[in-house]
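Peer 1: need coordinates for the below:
(chains A and B)
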Amino acid sequence: MNMNTNTDTSAGVQPRRLDRQQVADNFAGLESCLSASEAAVEADRCYFCYDAPCVRACPTAIDVPMFIQKIRSGNLIGSAETILSANIMGGMCARVCPTEILCEQACVRNDFENKPVEIGALQRFATDPVLDQQVQLFARGAPTGKRVAVVGAGPAGLSCAHRLAVLGHEVCVFEARDKLAGLNEYGVAAYKAGGDIAQREAQYILAVGGISVQTNKTLGVNIHLPELRAQYDAVFLSVGLTSTRRLDIAGEDAEGVLDAVDYIADLRQAPDKSELPVGRRVVVIGGGMTAIDIAVQSKLLGADEVTIVYRRGQAQMGASEHEQALAQTRGVSIRHWASPRRIESENGRVRGVEFEAFQPQAIDGVPQTDGDPAREGERFTLAADVVFKAIGQLLADDFPAPAPDDRHALELKAGGIVVDEERRTSAPGVWAGGDCIPDGDNLTVSAVQDGKVAALSINQFLT
Amino acid sequence: MADLTTNFLGINSPNPFWLASAPPTDKAYNVNRAFEAGWGGVSWKTLGEDPPIVNVNGPRYAALHSNDRRVIGFNNIELITDRPLPDNLKEMRRIKRDWPDRALVASVMLPMNEESWAQHIPMIEDTGADGFELNFGCPHGMSERGMGSAVGQVPEYVQLATEWCKKYARVPVIVKLTPNVTSIVHPAQAAKEGGADAVSLINTINSIMRVDRDSLTMYPTTDGMGTHGGYCGEAVKPIALHMVAEIARNPQTRGLPISGIGGVTTWQDAVDFIALGATNVQVCTAAMVYGFKIIEDMTDGLSRFLDEKGVASVHALVGAAIPSITEWKYLNLNHVDKATIDQEKCIQCGRCHIVCEDTAHQAITHSVNGKRRFEVKDEECVGCNLCVSVCPIEGCISMRPTTGADPRTGAPIHPQPADWTTHPNNPLRHA
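Peer 2: Presented below is the predicted three-dimensional model:
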């Protein structure tokens, strides 16, 4: 790995800790794509398993052995069609899926050589040409005359819209932001989503036809569920999670204490990443993918010291081992079993975070993996110019809470919209999916599956 | 250390690996390099009458590749030597002088008239060559001119030309056979009756490698046209082994020394050929794919193998597997094998299940008590070995003999062998 590291150790928050080229190189260096010969050799490693475990491990059930066989035979377009017909965002998923805990973990090659087939890399190899050249593999179905509103143009919304369009329904997509693709555009780490992949994928999806788009439309602000239900034959809500959890500790409002998701969004949209302000010492609070993404990207931008602090152990981190290792090889330190207690600031600006460290407790010999320590532990302080909060997100603060007497209201639970197996909400004619439904894994691939399942259910409802 | 030296028809070589008559043995430069690398002998690129033939100035070779472009099969349309005969003879003489311990055999291809043999054989023998190899095998180009496989496919011609060569040669004569025949025994027998000291086989197999899927022409072409070539390399080895074994065990040809050719790539391939009756082997494709250095593993591996087996010499291995080959009608129909899957080794790919389910006997489960598990159903298994063949894990599935009763038929398994010749379903059975 070659990574340009910072030689400028001046304190504080400032842009251009690395020059434009160095930053560009850092972000580009993480992009990997198989060459044709690498793909041929890797494809040959697939055993074309019966009832393949990798397919079962994929939330969208992509027929992995078949798409790999099609790579092997030189049928690349056919391979892409196998992928995209199960997962229209197969291109992005090839980049962001934690394959090491999904398809690749299930690969039978792990059993005897500890090295799965590189399914994610092969999926990218197969889908890149189709997205690069916008080879349209889908067609809009004969119009049914039915109209569906999709609220939120992230992975779940676009997946739902695409499938509905293929089934012949007319779809209107409402999106709160300027650009489509949701977290693919605003949330995925920049080093995973080079080449404007999110927009190219969105463009590919819309090109099937029958989908109209209105941006800057926010539910509860300038569009409202009752009207949508009245105007459309069905509604799919894929509004994501738009408010960030608070630490609820003293000093949290100091300058320099930032929401990781906001910074990641800025980073994705920045025309020149070297112009972004970067702290010399960065502390990240959290243990999921967002924590890893912001930590790694801070290093790539030239931060000197980056420390992730997570309140539980390594095994409980939401980020996979692969992602943790990626962060560590980029020079990020990860500390476990410590909770933030106080933000220290000077003149209103953050200068450190005080943590309470504790040993994981065992009850009857079983290590406890959750909850705060019962007893007060050792305290330590990490100096910080910037503190990123990456401890999870919630539905929008102003998301309409159900009135007890409204039988058409959306039932909410655990900060999400309750749905059944077909992604039907409690409100007739309203489906939901993606991060805004509870108990999910918040993966792109699961959101795509939600959209697909909901579209099939809506289709059944409408026809 | 096992003795790798071989004496083939009185021709000694330090190991049983010779380079076959082909481009690698075209001239002194290559042969010198081969001997420096350790090859035991060479059959010089086939000599013919002057003026020399000409080759095309386009592709002569094409390959069948695996996905990582390993060469599995290979074909060529190159003809015999295209250099003047005196040049070849001069170089052969020098090589034999410089490398007296290595075998040097002159491959020849001459037209079907005795005068030509009378004129050329003594002249070539004068180089000091240890023997002749008669090229009755090349299936392309020369065969159109009544030579090569055009001779090898007609036993009478084989015999006649062999007789001519023997008449004018004092050194041993090896007849190289074409596999492009319905039975290899007939030309081998003809060679024997013509006085051949040995046969070598196989030469290459008629082949077209593939179609160029852009132009929809055959591949490769010279200026848009192509012609069939001779197929060789790893892919042809099973065909060659069968033909070698047929000659080794057939009463008409049994005892005729054999030089085995056809896809020898490693020492393991040499073991196959030698155990099926060859005294030495000739190699071409492996050298053309990897260069001469490949010999180092061939000799080293063979030597270690023989030591491990407690076999003192290459000669002691010759024909070791021949007693295990018979005709189908003599196979023991009272023997019952069942496949068995080692669950410790199984990686649960399910290939055994699906091929048995789709194409064989529905004898392998895909789940047991609701869990993914692949087990052989003895009551369905016919012991066909398909699952063993497709399993990606060596040694995971094996065949085990069954005694008592066959769970598939319910019938008792007789300990006494019985074959088709006495089977009640055979209308021609022995009484």
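
Peer 1: give me the neighbour count for the closest residue to A:Arg72 other than its chain neighbours.
Peer 2: Leaving out its chain neighbours, the residue that sits closest to A:Arg72 by C-beta to C-beta, 6 or more residues apart in numbering or on different chains is A:Ala43, at 4.3 Å. All C-beta atoms are positioned from the backbone trio N, CA, C, and that covers glycine. Counted with other C-beta atoms under 10 Å in any protein chain shown, residues neighbouring A:Ala43 total 24.

Peer 1: residue contacts, the residue nearest to A:Glu170 when sequence neighbours are not counted?
Peer 2: Leaving aside its sequence neighbours, A:Glu170 sits nearest to A:Arg147 (C-beta to C-beta, 6+ apart; 4.7 Å). For A:Arg147, the contacting residues are A:169-172, A:231-233, by C-beta atoms under 8 Å, 6 or more residues apart in numbering or on different chains.

Peer 1: if we can go back for a sec, ok, the residue nearest to A:Arg72 touching A:Ala126?
Peer 2: No: assessed by C-beta atoms under 8 Å, A:Ala43 is found out of contact with A:Ala126, at 9.4 Å.

Peer 1: what residues do these two have in common as contacts?
Peer 2: A:Ile71.

Peer 1: who's in contact with the closest residue to B:Glu156 other than its chain neighbours?
Peer 2: Spatially, and ignoring its direct neighbours in sequence, B:Glu156 is nearest to B:Ala190 (6.9 Å; C-beta to C-beta, 6+ apart). Applying C-beta under 8 Å, 6+ apart to B:Ala190 gives the contacts B:155-156, B:158-159, B:162.

Peer 1: return a ChimeraX selection command for the buried portion of those residues.
Peer 2: Selection of buried members from the contacts of B:Ala190 for ChimeraX, criterion 16 or more other C-beta atoms under 10 Å in any protein chain shown:
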select /B:155,158,159,162
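
Peer 1: so can I have a markdown table of the contacts of B:Ala190 showing secondary structure?
Peer 2: Below are the contacts of B:Ala190 laid out as a markdown table (DSSP: H, G, I helix; E, B strand; the rest coil):
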| residue | secondary structure |
| --- | --- |
| B:Pro155 | helix |
| B:Glu156 | helix |
| B:Val158 | helix |
| B:Gln159 | helix |
| B:Thr162 | helix |
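
Peer 1: just put the contacts of B:Ala190 in JSON lines and tack on pLDDT.
Peer 2: Shown next, in JSON lines, are the contacts of B:Ala190 (pLDDT from 0 to 100):
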{"residue": "B:Pro155", "pLDDT": "98"}
{"residue": "B:Glu156", "pLDDT": "97"}
{"residue": "B:Val158", "pLDDT": "98"}
{"residue": "B:Gln159", "pLDDT": "98"}
{"residue": "B:Thr162", "pLDDT": "98"}
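
Peer 1: the residue nearest to A:Arg72 in helix, strand or coil?
Peer 2: helix.

Peer 1: again with the one 4 residues further on
Peer 2: Secondary structure assignment for A:Tyr47 (three-state DSSP): coil.

Peer 1: ok, now which ones touch it?
Peer 2: Residues near A:Tyr47 by C-beta under 8 Å, 6+ apart: A:65, A:108-109, B:349, B:351, B:392.

Peer 1: can you rerun that using 6 Å?
Peer 2: Residues near A:Tyr47 by C-beta atoms under 6 Å, 6 or more residues apart in numbering or on different chains: B:349, B:392.

Peer 1: flag every residue of chain B that's near chain A.
Peer 2: With C-beta under 6 Å from any C-beta of the partner chain as the criterion, chain B meets chain A at residues B:67-68, B:347-350, B:353-354, B:392.

Peer 1: can you say which of the residues you listed are buried?
Peer 2: Neighbour counting with 16+ other C-beta under 10 Å marks B:67, B:347-350, B:353-354, B:392 as buried within these.

Peer 1: taking the residues you listed together, which two end up most distant?
Peer 2: B:Asn67 and B:His353 (24.5 Å; C-beta to C-beta).

Peer 1: give the rounded mean pLDDT of stretch B:376-388.
Peer 2: Stretch B:376-388 shows a mean pLDDT of 98.

Peer 1: quick one: buried residues of that stretch?
Peer 2: The neighbour-count check on stretch B:376-388 (16+ other C-beta under 10 Å) flags B:376-378, B:381-383, B:386-388 as buried.

Peer 1: quick one: which of those residues is nearest chain A?
Peer 2: B:Cys387 (11.9 Å; C-beta to the nearest C-beta).
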